[in-house]
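Enquirer: coords please:
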Amino acid sequence: MRIGHGSGRRRGGPIAATAVIVVAAVWWLAWSSAGAAPPRESRTAALATAEQQVRTVAADARIGISGRYNPGASYERCDRRGVRAPADSPYTLTYTAYADLPDRFHIAALRRLRAALERRHDVEVTAYEERPQVQEAQLDAVDRPHRTHLAVASAKPPHTVRLAVATECFRPPEDGR
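Expert: I've put the predicted structure just below:
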């Protein structure tokens, strides 16, 4: 069953990763063209918010974060994806964690998550796709108050769900903290 966007590729990994990258780039372009500077946020505060969002998303889907894979944080330049951001320059943060979950439960977990997100007035589910023939699902959402993009999808290796949060572009505080 296909709801929303998606290419139907196996294991949805590149789809969600591409969505995260595109959303961050669009936010940066919007600020650049409007001439407005990105808001200020320390890396520590941005990471704490992203970690909390991943925990909340996992709880909404009723899945646990895996200890098998280390969660990861990546700080990149706003204007050049894939390039590490120096500590004193504008950055986007992508935080990713993984959950162990048998494939047969992926669709049910993402349905629970979608229902929970749709009950929140400040979160918009922008894409949702189910692929029952391969027991996979993918969800993308925008959390406007936290200025983040959420991407949750079946991932490789099998029996894994990836939970990712990408921030919009932030500038570090003037005091450097």
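Enquirer: So the nearest residue to Val165 once chain neighbours are set aside, which state does it fall into?
Expert: Residue nearest to Val165 in three dimensions, not counting chain neighbours: Ala50, with 4.3 Å by CB to CB, 6 or more residues apart in numbering. Where you see a C-beta, it was placed from the backbone N, CA and C, and this is true even at glycine. What DSSP: H, G, I helix; E, B strand; the rest coil gives for Ala50 is helix.
Enquirer: got it, and the one 10 residues further on?
Expert: Judged by three-state DSSP, the three-state class of Asp60 is helix.
Enquirer: count of neighbours near it?
Expert: Residues lying near Asp60 (other CB atoms under 10 Å) number 18.
Enquirer: And for Glu51?
Expert: 16.
Enquirer: returning to that earlier point: right, and the residue nearest to Val165 touches Tyr95 too?
Expert: Yes. Counting by CB atoms under 8 Å, Ala50 touches Tyr95, with 3.8 Å between them.
Enquirer: who touches both of the two?
Expert: Ala73, Val165 (CB atoms under 8 Å, 6 or more residues apart in numbering).
Enquirer: give me the low-pLDDT residue ranges for the chain?
Expert: Applying pLDDT under 70 to the chain flags the ranges 1-36, 176-177.
Enquirer: Which stretches in it count as strands?
Expert: 2-3, 72-76, 92-100, 123-131, 136-143, 148-155, 160-167 (DSSP state E).
Enquirer: Let's have those in CSV, adding distance to Pro173 and mean neighbour count.
Expert: Listed next are the strands of the chain as CSV, based on distance: least, CB to CB, whole Å; neighbours: other CB atoms under 10 Å:
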stretch, distance to Pro173, mean neighbour count
strand 2-3, 40, 12
strand 72-76, 15, 16
strand 92-100, 15, 22
strand 123-131, 26, 19
strand 136-143, 22, 23
strand 148-155, 19, 27
strand 160-167, 15, 26
